[in-house]
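Novice: Next input, structure requested:
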Amino acid sequence: MCDKPAVTDEGADTRAPKDVPETASPLLDLRDKPPEPLAASPQALGVWELAWPTILSLLMQTAVRWADFAMVGSLGPVALAAVGLGGQTYWLFQSVSIVVPTGVVALLARAVGARDELLADRALRQGIWLSSVLALATTLIGLPITRFAISLYGVEPGVVEAGSRYIFWLLIGNVPMAVALMFGAALRAAGDTRTPLAIGVAANLLNLFLNWVLIFGHLGAPALGVGGAGIASSLAMVFQVLVFWPLWRARRLVLAPSGASFRPEREILRRITHIGYPAVIEGGLFHVGLLLFQRLMAGYGTTAIAAYNVGAQILSLSFLPGVGFGTAASTLVGQHLGQGDPEAAARSGWRALGGAVASMTIMGVLVIAFAHPIARIFSDDPETISRTVDFIWILGAVQPLMAIEFALGGALRGAGDTRFPLLAVFMGLFVFRLVPASIATHVFGASLQIVWSALVFDYAIKAVMLIVRFVRGRWQSVEV
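Specialist: Model (predicted):
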């Protein structure tokens, strides 16, 4: 570990305390490099250095998701609605497993900041074990009720049938999905965002190829339609695990085996679940809220649901920087708190917020500008295209507010303050989105565009709540 001088924001020279690793530098903004090389450690990175590989990785995942929609879009609005609702329902099942990566990220980032290699290894192993168990339980519970789950949206029988097939095959790959997500989250918490990027790119290319083969029946395979897209996604997750696992065992990752065990450790599991359980409730509430919101839209027809899901996929392109900066904020905040530097943690959170707001605003403007041609990629149905463009305009307008949720929500979770984001989601989604949308639909018989506009209230209240929470600084004293 080197002990090199650096210049702070105020211009004073400081030195990293001896025997303490130089974590992701509080001296870096989105563009500047430090005047001297940082310590050769996985956490010696700035906001942008951590964010861009995550953004690129998510861009590839979005491309695959777009490919799913574009390929099944040729089968009609029913197939589009089935993939959209099926994916949301699957993530409702998967939300149970969020407890693990959320808890592990906060615990592991602090361990890396404190240079506690054994604790980092214990956190990763317990995360793999617990996420696998939860994923298996979710699979066994979910498989018999796939049709019932889709029917809760109040959609037509064709959507229920196709959507249930899609969920079935996604659930088959649930365990490898959980393990792959755990490896990716742990490596990012340790400051390595490039390895998950490389493995994710390879898996996404495989997913695209398998989509082409299984959806349409190329190369002698049966044409499985929506079900083929689900099989392709699950096989891509299996591929990721088959790459991550031997690299980890061979000590080729920044998180290497350090003598810990896969046997359940009560204390580590308690810490992981204590941090992560609010994220499970948050994820469950979020997906239940989306289910209720889409059920409101079901009264406007299948094209309304198809347009909502296509529009959300298109706008997911502008979400990517927010998720990337939010991930960077989680890592940096956790590492700096582990090093005992809450001021550096706060600066990292604000810098992540600035990057998220600027980039998401630009991306939102670009997507809005090209809304029509992009919508035509996913569907050739005129009504679906028209409604998709309407939704893009509404959701695109709230991109700066969404950026605040991504960045500061990530910062709070990295600190282990997972309860407040839960409260913000509940207030925004249920009180400020669903209540106005329900009144508009059932009392005033409002247009679909008015119902969608309730999104503005949702993201506005969440942005205000998260800013106030971060400013007050209570997250700096959370124990993990």
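Novice: after whatever helix or strand residue 136 lives in, next one along is what?
Specialist: Secondary structure assignment for residue 136, by DSSP states H and E: helix 117-142. Heading C-terminal from helix 117-142, the first helix or strand you meet, by DSSP H and E, is helix 146-151.
Novice: now for that next one, which elements pack on it?
Specialist: Using 3 or more Cβ pairs under 8 Å, 6 or more residues apart in numbering; DSSP states H and E, the elements in contact with helix 146-151 are helix 77-94, helix 157-172. In this view, the C-beta of every residue, glycine as well, is placed from N, C-alpha and C.
Novice: In which helix or strand does the residue nearest to residue 126 when sequence neighbours are not counted reside?
Specialist: Distances taken as Cβ to Cβ, 6 or more residues apart in numbering place residue 268 nearest to residue 126, at 4.5 Å, with adjacent residues excluded. With secondary structure defined by DSSP H and E, residue 268 is part of helix 266-298.
Novice: May I have the distance across stretch 425-443, first residue to last?
Specialist: Using Cα to Cα, to the nearest Å, the span of stretch 425-443 from its first residue to its last is 25 Å.
Novice: quick one: buried residues of it?
Specialist: The neighbour-count criterion (16 or more other Cβ atoms under 10 Å) identifies 425-430, 432-434, 436-437, 440-441 as the buried residues of stretch 425-443.
Novice: I'd like these as JSON lines, with secondary structure, distance to residue 91 and pLDDT appended.
Specialist: Written out in JSON lines, the entries for the buried residues of stretch 425-443 read as follows (DSSP: H, G, I helix; E, B strand; the rest coil; distance: Cβ to Cβ, whole Å; pLDDT from 0 to 100):
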{"residue": "425", "secondary structure": "helix", "distance to residue 91": "14", "pLDDT": "93"}
{"residue": "426", "secondary structure": "helix", "distance to residue 91": "18", "pLDDT": "95"}
{"residue": "427", "secondary structure": "helix", "distance to residue 91": "21", "pLDDT": "96"}
{"residue": "428", "secondary structure": "helix", "distance to residue 91": "18", "pLDDT": "96"}
{"residue": "429", "secondary structure": "helix", "distance to residue 91": "15", "pLDDT": "94"}
{"residue": "430", "secondary structure": "helix", "distance to residue 91": "18", "pLDDT": "95"}
{"residue": "432", "secondary structure": "helix", "distance to residue 91": "22", "pLDDT": "96"}
{"residue": "433", "secondary structure": "helix", "distance to residue 91": "18", "pLDDT": "95"}
{"residue": "434", "secondary structure": "helix", "distance to residue 91": "18", "pLDDT": "95"}
{"residue": "436", "secondary structure": "helix", "distance to residue 91": "24", "pLDDT": "95"}
{"residue": "437", "secondary structure": "helix", "distance to residue 91": "21", "pLDDT": "95"}
{"residue": "440", "secondary structure": "helix", "distance to residue 91": "26", "pLDDT": "94"}
{"residue": "441", "secondary structure": "helix", "distance to residue 91": "24", "pLDDT": "93"}
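Novice: which one among the residues you listed gets closest to residue 50?
Specialist: Ranked by distance to residue 50 (Cβ to Cβ), the buried residues of stretch 425-443 are led by residue 425 at 24.3 Å.
Novice: now that closest one: how far from residue 171?
Specialist: Applying Cβ to Cβ, to the nearest Å, the value for residue 425 to residue 171 is 24 Å.
Novice: most packed of the helices and strands packed on helix 146-151?
Specialist: Taking mean count of other Cβ atoms under 10 Å as the contact definition, the stretch among those with the greatest mean neighbour count is helix 77-94, which reaches a mean of 26.
Novice: Okay, angle between it and helix 157-172 too, please.
Specialist: Inter-element angle recorded for helix 77-94 and helix 157-172: 40 degrees (by axes from the mean of the first three to the mean of the last three Cα atoms, to 10 degrees).
Novice: then helix 77-94 to CSV, C-alphas only?
Specialist: What follows is the C-alpha trace of helix 77-94 in CSV, where atoms were taken according to Å, rounded to 0.1, in the frame of the first residue of the first chain:
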residue,chain,number,x,y,z
PRO,A,77,-49.4,-7.6,-29.6
VAL,A,78,-50.3,-10.7,-27.6
ALA,A,79,-46.8,-11.9,-27.7
LEU,A,80,-45.4,-8.5,-26.8
ALA,A,81,-47.7,-8.2,-23.8
ALA,A,82,-46.9,-11.8,-22.7
VAL,A,83,-43.1,-11.1,-22.7
GLY,A,84,-43.6,-7.8,-20.9
LEU,A,85,-45.9,-9.1,-18.2
GLY,A,86,-44.0,-12.4,-18.0
GLY,A,87,-40.8,-10.6,-17.3
GLN,A,88,-42.4,-8.4,-14.6
THR,A,89,-44.0,-11.4,-12.9
TYR,A,90,-40.7,-13.3,-13.0
TRP,A,91,-38.9,-10.4,-11.3
LEU,A,92,-41.7,-10.4,-8.7
PHE,A,93,-40.7,-14.0,-7.9
GLN,A,94,-37.0,-13.1,-8.1
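Novice: Show me what the following helix or strand past that helix is packed against.
Specialist: Tracing the chain past helix 77-94, the next element assigned as helix or strand by DSSP H and E is helix 99-113. Using 3+ Cβ pairs under 8 Å, 6+ apart, the elements in contact with helix 99-113 are helix 117-142, helix 174-189, helix 266-298, helix 302-338, helix 399-414.
Novice: Please consider this matter closed, and thank you.
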